[in-house]
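Asks: here is the input, now give the coordinates:
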Amino acid sequence: MSESAKKSKQTIEAQALQGFYVVGLSILTTNENGQAAEGINGLWQRFLAEDMLHKIEGRTENTIYAVYSDYEGDYTKPFRVTIGCKIKGAANDMPEGLHKTHVPSADYAIFAARGEQPKALLNTWEGIWKSDLKRTYVADLEIYGPRFFEEGLHEVLVCVGVKL
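Replies: Residues are numbered from 1 along each chain as shown. Prediction:
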């Protein structure tokens, strides 16, 4: 990992994660011309305004996941973002307007973006983009668990699919 990547976030080591499904709101976007930032901000606003956390049936917990998938190449190419919750099983019947995505079982490098958000999260992603990680571009995710809501901590775990 490059020195700039090390300085911008804290690595919690690479580890294997078991696959699961996330159901939520979704968009296709790209990092070109700031489209991703604008689209993802809008997606978060909609998720919160519509109280999606409490509307997703079959969720296994109140943790919020932002899943990056369906990459058409690397992070500079189009990809999908789904903001939602982990569900039990595969849930075949999706309510209208919701999208189901699969986070595959794989190895992930996990980083903790702590502090003022979204600044800490953006710094973490910038460090990842500049790093020499051997990314798979199958799925990446952000985990907004209990530590995200902890006063003064605001930790988001960023899990990046990697080849070990």
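Asks: dump the residue contacts of residue 100.
Replies: Contacts for residue 100 (Cβ atoms under 8 Å, 6 or more residues apart in numbering) come out as 21, 22, 23, 87, 90, 91, 94. The C-beta positions use only the backbone N, C-alpha and C, and glycine is treated the same way.
Asks: now the longest helix anywhere in the chain: buried residues?
Replies: If you go by DSSP state H, the chain has its longest helix at helix 35-49. Neighbour-count burial for helix 35-49 flags 36, 40, 43, 44, 47 (criterion: 16 or more other Cβ atoms under 10 Å).
Asks: who are the packing partners of the helix or strand that comes right after it?
Replies: Beyond helix 35-49 on the C-terminal side, the first helix or strand identified by DSSP states H and E is helix 52-55. Contacts defined by 3 or more Cβ pairs under 8 Å, 6 or more residues apart in numbering; DSSP states H and E place helix 52-55 against strand 79-87.
Asks: can you tell me the element the closest residue to residue 14 other than its chain neighbours falls in?
Replies: Setting aside the residues directly before and after it, residue 14 is nearest to residue 109 in space (Cβ to Cβ, 6 or more residues apart in numbering), at 4.7 Å. Assigned by DSSP H and E, residue 109 belongs to strand 106-113.
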